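Colleague: A structural model of the following input is requested.
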Amino acid sequence: MSLSAVLLAAGSSPTPTPSESPSAVTVPSLQDAQESATNAASWVEQNWSTWLAISLRVLLILVIAGVLRMVVRRAITKLIDRMNRTAQAVDGTAIGGLLVNNERRRQRSQAIGSVLRSVASFIIMGTAALMVLGAFEINLAPLLASAGVAGVAIGFGARNLVTDFLSGVFMILEDQYGVGDTIDAGVASGEVIEVGLRVTKLRGDNGEIWYVRNGEVKRIGNLSQGWATAGVDVTVRASEDLDKVRRVLNEVAEKMSKEEPWNELLWSPIEVLGLDSVLLDSMVVRVSAKTMPGKSLTVERELRWRVKHAFDAADIRIVGGAIVLTAEEAADPTAAVAAPSVFSNADSAQSAAASPIASTPAQRPAAK
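Modeller: Residues are numbered from 1 along each chain as shown. Got it, this is the predicted structure:
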């Protein structure tokens, strides 16, 4: 084969073309970028008014809610302060100063104010949140349904907590008791040292501290409201002169009512009510008076003390329990003893006649 033929064959062979790499990045052209920017600008131009309107509406809702919340909270605070000033106006009188306790009024006002402010804030901010969601065109029906189901579940699980809270709110609003009151709550009794929305703290007679949940209190006996009754029963012998007893008791009552500090603790004159009971060897005279709340025991102790001294001076005996008789009243110890019987003497004829026939060998007659 000649050289020309070889060159001709080589020139007619196909030339290889470069293959495209699968990882090659396609660079957008300037025209594509310009088109995308134009579309974005047109989309923003079409929706910016909607965005601005929604933003302004949300901002307006939040501003109004914040201002309204602040105004309502300040109004509640001023109302509570005015209530405190009105209550302090009665402190000038003796009874008002004794009935109205500063700590009790302060705690009650703080509790009421806290509850009202919390409720107002919850209502205002909750309404604002729903309005904001509505501004974004969010369907609130599924959200409210889910919230309702969750609320029922939480309320069922924490029903005791909710009961305690609601009971505490109504106890405070109705002023059933306060700091310094002595109450009987059924499960515990004592002096109230702290009133909360969920728990009431009591101090017992021996100094113990009781934490009573407000939801567990079914009844409350407040021993510090209104007035108390001091009653003393004086037991004397049935032979005493009733007119003399009444006269001495009236003198004691009149003297005690004029002395300090009993004239402030006694809210009514001490009355001799009369005979409460009459027995064969004694009779009970009842003495009663209205006193300041929580001071009935103090008045009763002082009244018994004075009655005892007055009766001793008037030679009137106070009896109680077993009756102790004097020497003149004592009965003859031999009066109730029966006369001796003839049968008590074994050698008497009556005893011999009543005794059985002797059956021992020594007593049998000898056989003939």
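Colleague: Tell me the helix or strand right after the regular element (helix or strand) spanning residue 284.
Modeller: Assigned by DSSP states H and E, residue 284 belongs to strand 282-291. Tracing the chain past strand 282-291, the next element assigned as helix or strand by DSSP H and E is helix 296-313.
Colleague: Alpha carbons only: can I get stretch 36-55 in CSV?
Modeller: Extracted in CSV, the C-alpha atoms of stretch 36-55 (Å, rounded to 0.1, in the frame of the first residue of the first chain):
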residue,chain,number,x,y,z
SER,A,36,-37.3,36.4,37.3
ALA,A,37,-36.6,39.8,38.9
THR,A,38,-39.4,41.3,36.9
ASN,A,39,-41.8,38.6,38.1
ALA,A,40,-40.8,39.0,41.7
ALA,A,41,-41.2,42.8,41.5
SER,A,42,-44.6,42.5,40.0
TRP,A,43,-45.7,40.0,42.7
VAL,A,44,-44.5,42.3,45.4
GLU,A,45,-46.1,45.3,43.7
GLN,A,46,-49.4,43.3,43.6
ASN,A,47,-49.4,42.2,47.3
TRP,A,48,-47.6,44.9,49.2
SER,A,49,-50.8,46.7,49.9
THR,A,50,-52.3,43.6,51.3
TRP,A,51,-49.3,43.0,53.5
LEU,A,52,-49.3,46.6,54.7
ALA,A,53,-53.0,46.5,55.5
ILE,A,54,-52.6,43.2,57.5
SER,A,55,-49.5,44.6,59.4
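Colleague: quick one: average pLDDT of that stretch?
Modeller: Average pLDDT, stretch 36-55: 74.
Colleague: Equivalent analysis for stretch 296-315, please.
Modeller: pLDDT averaged over stretch 296-315 gives 89.
Colleague: coming back round to it: quick one: residues in contact with the strand holding residue 284.
Modeller: Applying C-beta atoms under 8 Å, 6 or more residues apart in numbering, the contact partners of strand 282-291 are 227-238, 240, 242, 245-246, 249, 253, 265-278, 298-299, 303, 307, 319, 323. For the C-beta atoms, the positions are set from N, CA and C on the backbone; glycine is no exception.
Colleague: for stretch 197-215, same thing?
Modeller: By C-beta under 8 Å, 6+ apart, stretch 197-215 touches 111, 114-115, 160-161, 163-169, 171-172, 177, 183, 185, 187-196, 217.
Colleague: Can you get me a residue count around residue 224?
Modeller: 20 (other C-beta atoms under 10 Å).
Colleague: actually residue 71, not the one I typed
Modeller: 12.
Colleague: Just want to check the distance between it and residue 254.
Modeller: 61 Å (C-beta to C-beta, to the nearest Å).
Colleague: returning to that earlier point: buried ones among the contacts of strand 282-291?
Modeller: 228, 230, 232, 234-236, 240, 245, 249, 253, 265-266, 270, 272, 299, 303, 307, 319 (16 or more other C-beta atoms under 10 Å).
Colleague: Keep only those of those residues that are in strands.
Modeller: 228, 230, 232, 234, 235, 236, 272 (DSSP state E).
Colleague: Give me the pLDDT value at the spatially closest residue to the fourth one that is not a sequence neighbour.
Modeller: To tie it back to what came earlier, the one meant is residue 234. Nearest non-adjacent residue to residue 234, counting by C-beta to C-beta, 6 or more residues apart in numbering: residue 285, 4.7 Å away. Here, the pLDDT recorded for residue 285 equals 89.
Colleague: Could you give the bridge partners of residue 285?
Modeller: Assessed by DSSP bridges, residue 285 has beta-bridge partners residue 234, residue 275.
Colleague: what about it, how many residues close to it?
Modeller: 21.
Colleague: what sits against residue 117?
Modeller: Residue 117 neighbours (C-beta under 8 Å, 6+ apart): 72, 73, 76, 77.
Colleague: one more time with 6 Å, if that's ok
Modeller: Residue 117 makes contact with 73, 76 under the criterion C-beta atoms under 6 Å, 6 or more residues apart in numbering.
Colleague: Assign a three-state SS to it, would you?
Modeller: helix (DSSP: H, G, I helix; E, B strand; the rest coil).
Colleague: Which two of the ones in strands among the buried ones among the contacts of strand 282-291 have the greatest separation?
Modeller: The span of those, defined through C-beta to C-beta, is set by 228 and 236 at 26.0 Å.
Colleague: Could you break the protein into its assigned domains?
Modeller: Using the TED database, the domain parsing of the chain gives 31-138, 174-222, 228-314.
Colleague: Span of the second one from start to end?
Modeller: Across its full length, domain 174-222 reaches 13 Å end to end, with C-alpha to C-alpha, to the nearest Å as the criterion.
Colleague: what helices or strands is whichever strand or helix holds residue 143 leaning on?
Modeller: Assessed by DSSP H and E, residue 143 sits inside helix 140-157. For helix 140-157, there is no helix or strand it packs on, judged by 3 or more C-beta pairs under 6 Å, 6 or more residues apart in numbering; DSSP states H and E.
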